[in-house]
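Q: Prediction below, plus the sequence it came from.
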Amino acid sequence: MTDIRDDVREGFAALYGYEPSGIWSAPGRVNLIGEHTDYNEGFVLPLAINRRTVLALGLREDRIARVASAFADEVVEIDLAELSPERLSGWAAYPLGVAWALGERGADLAAVPGFDIFIESDVPVGAGLSSSAAIESAVAIALNDVWQLGLDRSTLALVGQLAENKVVGAPTGIMDQSASLLGRKDSAVFLDCRTLDAQIIDLGFEAAGLVLLIIDTGVSHSHATGGYAERRASCELGARELGVSALRDVSVDDLPRAREVLDDVTFRRVRHVVTENQRVLDTVRTLREQGAGAIGDLLDASHVSMRDDFEISVAELDLAVETAQSNGALGARMTGGGFGGAAIALIRAEDLSRLQVAIDGAFAEHGYGRPDTFVVTAAQGASREP
Ligand code: ADP
Ligand code: MG
């Protein structure tokens with residue numbers, strides 16, 4: 001953390017030739033449970049992780065915005081007067097899309113000063129840990145501060161989502177930005193995606209002697225195209241045919257009727273969302289009443305539902321989950337949008353090294369690339385750095 005902060009300050013000065021006015025950061029997130037429920041106005045339970053996107057920002061006297069990232073070998077420059085979704089593309093659509101979205105949410109883009117931004121990150125990109133929300137949230141809190149907009153964190157989450165939906169063109173929900181902005185140490189964010197009501201839920205992993213292992217399969221996914229949008233369309237179709245505004249309004253008890261009304265594929269998509277919502281509620285209750293040691297079966301059931309009903313898993317994710325389950329994990333599931341990315345395993349600290357060895361062995365045996373495995377802890381959300 002300290003390293004990236006220093007790097008980003010130095011990188012900024014080397015690139016732009018002056019000292020930044022401040023450093024801001026925002027974490028990636030991992031979703032403990034509640035997958036593809038966010039855009040169905042349901043429940044999610046993500047946590048902000050100890051991997052962060054850090055940026056240095058300097059205000060300018062003109063109206064030019066420049067963004068650069070250690071991730072990309074270019075400086076992208078635009079006049080704030082010309083900011084629009086059509087003018088933005090590539091990685092710069094994330095940070096500059098946030099500037100545009102702030103304009104949609106009340107910033108007077110004709111009056112605010114221009115800025116220079118330099119970004120570095122240790123959130124793995126495309127691993128399902130939401131490097132996209134990390135960059136959006138870091139830019140959102142930084143501009144909210146220096147432009148003195150006074151927007152609260154829930155509004156900044158909506159700003160990040162707007163940028164991702166309208167500028168990047170990925171039809172994602174509100175979960176990632178909420179986790180990145182609202183997360184707390186040792187806690188998960190229990191978010192009602194309809195009301196945007198957020199509650200901080202104590203995880204108590206450390207006290208229970210548990211760690212959360214990320215297994216990044218290295219299989220890349222893309223939200224902007226293909227499966228994600230298709231799954232979303234299936235959910236909308238299911239809701240329409242069941243006569244509700246969102247699948248949030250369908251309960252587990254309604255499923256027998258849904259099976260009669262819907263075609264098989266749509267029914268299974270709906271069943272995933274409906275049962276996943278219930279699993280989030282059950283996980284929150286279990287965490288409160290029995291503690292983290294008792295949530296493993298819910299994680300396992302979530303994976304089965306994504307694999308068989310929502311059909312968003314891939315062979316590498318299934319292998320990661322099965323290997324975790326047969327090597328001491330209390331529970332394991334793929335996490336994130338699917339079609340690649342990472343799995344999580346909840347495991348006793350003393351079983352961790354055995355599991356890591358088993359995963360490497362299983363992937364090698366199947367001829368898959370070596371996955372990246374690392375432990376994450378629940379961290380503080382977006383913040384201004386000292
Ligand atoms: P993820 O699961 O990591 O959120 P996405 O495809 O949603 O994957 O977002 C990844 C994209 O976000 C990258 O391809 C890049 O365009 C942008 N991005 C993320 N982090 C950075 C960064 N540090 N610097 C520049 N662009 C970034
Ligand atoms: Mg993303």
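A: Yes, it's here. Residues are numbered from 1 along each chain as shown. Ligands and ions are numbered 1, 2, ... in the order given.
Q: If Val30 is in a bridge, with which residues?
A: Going by DSSP bridges, Val30 is paired in beta bridges with Leu47.
Q: quick one, what contacts it?
A: Neighbouring residues of Val30 by C-beta atoms under 8 Å, 6 or more residues apart in numbering: Pro46, Leu47, Ile49, Gly128, Leu129, Leu212, Ile214, Thr335, Gly336, Ala342, Ile344, Val376. In this view, the C-beta of every residue, glycine as well, is placed from N, C-alpha and C.
Q: Can you give me the pLDDT of it?
A: You'll see Val30 listed with a pLDDT of 97.
Q: measure it to Asp38 for me?
A: 14 Å (C-beta to C-beta, to the nearest Å).
Q: again with Cys193
A: Cys193 is 5 Å from Asp38, where distance means C-beta to C-beta.
Q: what touches both of these two?
A: Joint contacts of Cys193 and Asp38 (C-beta under 8 Å, 6+ apart) are Val44, Gly173, Ile174, Met175.
Q: got a list of what the residue lying closest to Val261 once chain neighbours are set aside touches?
A: Excluding the flanking residues, the one nearest Val261 by C-beta to C-beta, 6 or more residues apart in numbering is Glu241, at 5.8 Å. Applying C-beta under 8 Å, 6+ apart to Glu241 gives the contacts Val261, Leu262, Thr266.
Q: Ser305 now?
A: Arg271, His272, Thr275, Glu276, Arg279.
Q: So which of these is the closest to Leu319?
A: The closest of these to Leu319 turns out to be His272 (C-beta to C-beta; 20.7 Å).
Q: Relative to ligand 1, how far out is the closest one?
A: The gap separating His272 from ligand 1 is 20 Å, by C-beta to the nearest ligand atom, to the nearest Å.
Q: Equivalent analysis for Gly226, please.
A: Taking C-beta to the nearest ligand atom as the measure, Gly226 falls 12 Å from ligand 1.
Q: now Asp300
A: With C-beta to the nearest ligand atom as the criterion, Asp300 and ligand 1 are 23 Å apart.
Q: Pull the number of nearby residues for that residue.
A: 19 (other C-beta atoms under 10 Å).
Q: Please name the nearest non-neighbouring residue to it.
A: Spatial nearest neighbour of Asp300, chain neighbours left out: Gly331 (5.0 Å); criterion: C-beta to C-beta, 6+ apart.
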